[in-house]
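J.: no sequence on hand, only this structure:
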């Protein structure tokens with residue numbers, strides 16, 4: 001079954017990190033990505049630009065309305081994700097616990113709905 005692991009952290013903390021600290025974090029993410037690839041669990045994963053580059057889109061009264069930034073103000077922002085194959089939620093949680101961002105932020109784990117082709 002596919003699970004998405006949504007990585008949340010505080011962008012302000014990341015913005016204040018030194019280049020050396022950021023490189024150490026990237027090294028951890030590289031090691032994690034190699035690990036999930038080697039176990040055959042990796043499906044997809046990407047990092048996201050900061051929320052200041054986000055645009056939220058809504059349709060209201062039949063009209064497109066856009067807003068700069070994310071949908072809601074929060075202390076932690078979505079910074080990236082992994083989609084992994086896992087036999088069950090417990091295995092997906094074990095994988096998510098290895099994501100480096102779990103040490104300073106949070107990882108939301110959700111099953112991915114898979115639809116049959118029409």
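T.: Sure, I can see it. None of the values given here were measured: they were computed from a predicted structure.

J.: and residue 5, that one's in a strand?
T.: Yes. Residue 5 forms part of a strand when assessed by DSSP: H, G, I helix; E, B strand; the rest coil.

J.: hey, where'd the helices end up in this protein?
T.: 11-15, 19-38, 89-97 (DSSP state H).

J.: for this structure, name the helix or strand with the lowest mean pLDDT.
T.: helix 11-15 (a mean of 86; mean pLDDT, DSSP states H and E).

J.: ok, residue 47 - contacts?
T.: By Cβ atoms under 8 Å, 6 or more residues apart in numbering, the contact set of residue 47 is 79-80. All C-beta atoms are positioned from the backbone trio N, CA, C, and that covers glycine.

J.: returning to what we had before: which residues sit against the least confident helix or strand of the chain?
T.: Helix 11-15 is touched from outside by 22, 50-51, 77, 79, 104, with contacts defined as Cβ under 8 Å, 6+ apart.

J.: make a PyMOL selection of the buried ones in these.
T.: Selection of buried members from those for PyMOL, criterion 16 or more other Cβ atoms under 10 Å:
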select buried, resi 51+77+79
